[in-house]
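Asks: Give the three-dimensional model of this entry:
(2 chains)
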Amino acid sequence: MKDLFCITIGRQLGSGGRKIGEMVAQKLGISFYDKELLSIASKESGLEKDFFERADEKQAWSLFGITEYYSMNPLSGESLFVIQSDVIKRLAEEKSCLFVGRCADYVLKDKTRRLDVFITADEVDRISRVSEKMDISREKAKSVIEKTDRQRKSYYNYFTNKHWGRSDSYHICVNSSLMGAEATANLICDIARMRFGLD
Amino acid sequence: MERKGMPTSLGTERVWKLLMQYAVPSVIAMTASSLYNITDSIFIGQGVGALAISGLAISFPLMNLSAAIGTLVGAGAANLISLRLGQKDYNSANKILGNVVTLTTILGLAYTVVVLSFLKPILSFFGASNETLPYALEYMTIITIGNVVTHMYFGLNALVRSSGHPAKSMYATIFTVIINVILTPFFIYVLGMGIRGAAIATVLSQIILLVWQFRFFTDKNNFIRITKENLRVDKKIVKDTMAIGLAPFLMNAVSSVIVILINHTLVRYGGDLAVGAYGIMNRVAMLFGMVVMGLTMGMQPIAGYNYGAGLYKRVNIVLKQTILLGTAVMTAGFLLGEFFPATASSLFSNDKELLDITVPGMRIGFAAFPIIGMQMVSSNFFQSIGKPGKAIYMSLSRQVIFLIPAILILPQYFGIYGVWISFPVADTLAAVNSAILLTLHFKKG
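Replies: As a prediction, this is how the structure comes out:
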């Protein structure tokens, strides 16, 4: 199975990254993983899903540094991250997949057949998308976006040695407002085909 | 330790067996690290004198404060490095290692310069009298000069551990104790260096281990190494490390401040020797406290996993067993304090005046030990089931909410005995408090 490959997608909230990811996975005929990772991690570790959801893409500070590094707390953000990373690694070992978020680009950094994408969008579009999807006012949407992106950033920066959303952390960064979701998905598919030599 | 996924045996294997498997190594590690403090106090008390023990006890908070500053870098870095190594990210693990060396040097030297310039006023503020100041000054001058070494040794030892060699780091700790046990009496008795000899032996033993650590971390076969280019300060690493280290730093700093308050009160109501008496009690209590700490560390993964897996019955079992063990250990401390206080304290000094203060002090001070094991275990329990707020509240409640008012009020009525009574009073209140929190937790289900 040498010709397996994986695509990782980082995204700002409201950039349509998840939807674009789904389209790409469907067009290329590979598996798509977003929140599903949490359920798998929960099933494999035996820990309830709730804990993964609470820690999902948020960074929690450990409070007693000393005891934390002497022994190990299975419910700490670090442990949950490790369990989740193991799931990501195993899935990427089994088949070609596309992962959204969860530092998959970093977790899979040893996989050479990999394409790391970061998707942004104009602020207006992001606010519209979030306020529509969550059925909240534009102001509220704006603050949700700011808060979520701040959390994603500190999560990513803590668990990887890279900077969230900075172009040198990824292979390609694309603004989905430029051409819309469908065209952006096509663009990523084209790059993936070229990169992985698919037909 | 390299971070790996949780073994699911945590949810199936017999709880007692798991507890032994996880707790024994951490109990050994914790005991080893407290041994140094105890042997040092013994040699100073026996070899230099009763007032020297007081001078040493005056210096405890300052040393703890220095250690707290050390954890600001060390604790965070150890955590980060094990995360990076878990992802086989050797490059950034190396950068973290290099940054630890640079940061520790800068922070350690800054500390030395500031503290050394104001050492006398600081020690006076910490409660040193004309009698005890010379001892504290002699001891702390050398300890403060060697501060960089101490920070570097502890920082790197944490990294040895978190880079997957917990046994090596434990041997290093034991080795410093052994070197100390050889050098300290040599300097004190043979060379007649007094309390200064103990300080020099401490720094010297750390230098020896530091040389070993540097060899370990420059070894070509080691997958993380100190190299020149990694020494450059990386803003992101500094920020991440300090952010993790901040909480443990504050916890340590708070307990230092409390010891300062205690020492002050002791000097006021009982004179210099009372401080020394507390120093002795503190060392004995610490030995038992560290064993319980090791036990709770062993409990942590078991309680955490089973709570996370919804196996609440097993959570209850491991909590009960750990409380039982913790209570047994603290009860042993209690028995020692109640029935053999003279034997225990004469290990540290034969000075009759000092022993006359220490013996009743230990009897009263250790009085609530049998119930405090439960409090120590349950504070850690809340942390391991992902409720750090409650954990912090519980561990602060014993020291801050209950002990500080007791120390401020009781001595006004009972003099020196008021200080000793404050300990069982605070312990009892804290134990009741934790019993209530535990009951509420289990009622809620």
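
Asks: The spatially closest residue to A:Cys189 that is not a sequence neighbour: what secondary structure?
Replies: Closest residue to A:Cys189 apart from its sequence neighbours, by C-beta to C-beta, 6 or more residues apart in numbering or on different chains: A:Lys27 at 5.0 Å. (C-beta placed from N, C-alpha, C; glycine too.) Per DSSP: H, G, I helix; E, B strand; the rest coil, the secondary structure class of A:Lys27 is helix.

Asks: how about A:Lys27, what does it touch?
Replies: A:185-186, A:189 (C-beta atoms under 8 Å, 6 or more residues apart in numbering or on different chains).

Asks: same question, B:Ile237
Replies: Counting by C-beta under 8 Å, 6+ apart, the residues that B:Ile237 touches are B:80, B:92, B:95-96, B:99.

Asks: Need the three-state assignment for A:His163.
Replies: coil.

Asks: got a list of what it touches?
Replies: Counting by C-beta under 8 Å, 6+ apart, A:His163 makes contact with A:156-157, A:169, B:236.

Asks: Next, work out how far apart it and A:Gly10 are.
Replies: 11 Å (C-beta to C-beta, to the nearest Å).

Asks: any common contacting residues for those two?
Replies: A:156, A:169.

Asks: Correct me if wrong: B:Ala274 contacts B:Gly418.
Replies: No: applying C-beta atoms under 8 Å as the test, B:Ala274 and B:Gly418 come out as separate, 11.6 Å apart.

Asks: Using CSV, write out every CA atom in the worst-scoring helix or strand of chain B on mean pLDDT.
Replies: Using mean pLDDT, DSSP states H and E, the weakest-scoring helix or strand in chain B turns out to be helix B:388-396, at a mean of 84. Provided in CSV are the C-alpha atoms of helix B:388-396 (Å, rounded to 0.1, in the frame of the first residue of the first chain):
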residue,chain,number,x,y,z
PRO,B,388,-8.3,21.1,39.0
GLY,B,389,-10.4,23.9,40.5
LYS,B,390,-11.4,21.8,43.5
ALA,B,391,-7.9,20.3,43.8
ILE,B,392,-6.4,23.8,44.0
TYR,B,393,-9.1,24.9,46.5
MET,B,394,-8.4,22.0,48.7
SER,B,395,-4.7,22.2,48.8
LEU,B,396,-4.8,26.0,49.3
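
Asks: what ranges do the helices span in chain A?
Replies: A:17-28, A:36-45, A:49-55, A:65-70, A:77-94, A:104-107, A:123-134, A:138-159, A:181-196 (DSSP state H).

Asks: could you dump the ones you listed to CSV with mean pLDDT?
Replies: Shown next, in CSV, are the helices of chain A (pLDDT from 0 to 100):
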stretch, mean pLDDT
helix A:17-28, 95
helix A:36-45, 88
helix A:49-55, 85
helix A:65-70, 44
helix A:77-94, 90
helix A:104-107, 95
helix A:123-134, 94
helix A:138-159, 92
helix A:181-196, 95
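
Asks: thinking again about what came up before, who's more crowded, B:Ala274 and B:Gly418?
Replies: B:Ala274 (25 against 20; other C-beta atoms under 10 Å in any protein chain shown).

Asks: For that one, which non-adjacent residue is spatially closest?
Replies: B:Leu266 (4.2 Å).

Asks: would you list every one of the helices in the stretch 151-300 of chain B?
Replies: B:166-185, B:195-216, B:235-270, B:272-308 (DSSP state H, counting those that start in this stretch).

Asks: what is the orientation angle of the second one with helix B:166-185?
Replies: So that's helix B:195-216. Orientation note: helix B:195-216 sits at an angle of 150 degrees relative to helix B:166-185 (axes from the mean of the first three to the mean of the last three C-alpha atoms, to 10 degrees).

Asks: if we look at helix B:195-216, which residues are touching it?
Replies: The contact list for helix B:195-216 (C-beta under 8 Å, 6+ apart) reads B:36, B:40, B:43-44, B:47-48, B:52, B:55-56, B:135, B:138-143, B:145-146, B:149-150, B:152-153, B:156-157, B:160, B:168, B:172, B:175-176, B:179-180, B:183-184, B:186-188, B:191, B:193, B:222, B:226.

Asks: Assign a three-state SS to B:Ser349, would you?
Replies: coil.

Asks: Identify, from the contacts of B:Ile237, the entry nearest to B:Val24.
Replies: B:Leu80 (27.4 Å; C-beta to C-beta).

Asks: winner for burial among the helices of the stretch 151-300 of chain B?
Replies: helix B:272-308 (a mean of 26; mean count of other C-beta atoms under 10 Å in any protein chain shown).

Asks: Heading C-terminal from that one, find the next helix or strand.
Replies: helix B:312-339 (DSSP states H and E).

Asks: From A:Glu53, how far out is A:Val87?
Replies: 15 Å.

Asks: out of these two, which sits in the more crowded spot?
Replies: A:Val87 (23 against 14).

Asks: Now that the more buried one has come up, it's in contact with A:Leu38, right?
Replies: No: contact criterion C-beta under 8 Å: A:Val87 and A:Leu38 do not qualify, at 9.1 Å.

Asks: Can you list the buried residues in the host helix or strand of B:Pro25?
Replies: Using DSSP H and E, B:Pro25 sits within helix B:15-47. Neighbour counts using 16 or more other C-beta atoms under 10 Å in any protein chain shown place B:15, B:18-19, B:22-23, B:25-27, B:29-47 of helix B:15-47 among the buried residues.

Asks: residue contacts, B:Asn306?
Replies: B:10-11, B:312, B:314-315, B:318.

Asks: Now do the residue lying closest to B:Phe402 once chain neighbours are set aside, the pLDDT please.
Replies: In space, and not counting its chain neighbours, B:Phe402 is closest to B:Ala426: 3.9 Å by C-beta to C-beta, 6+ apart. B:Ala426 carries a pLDDT score of 96 in this model.

Asks: for A:Ser62, same thing?
Replies: So A:Ser62 comes in at 50 (pLDDT).

Asks: for A:Met72, same thing?
Replies: So, for A:Met72, pLDDT stands at 67.

Asks: now B:Val315: how far from chain A?
Replies: B:Val315 is 12 Å from chain A, where distance means C-beta to the nearest C-beta, to the nearest Å.
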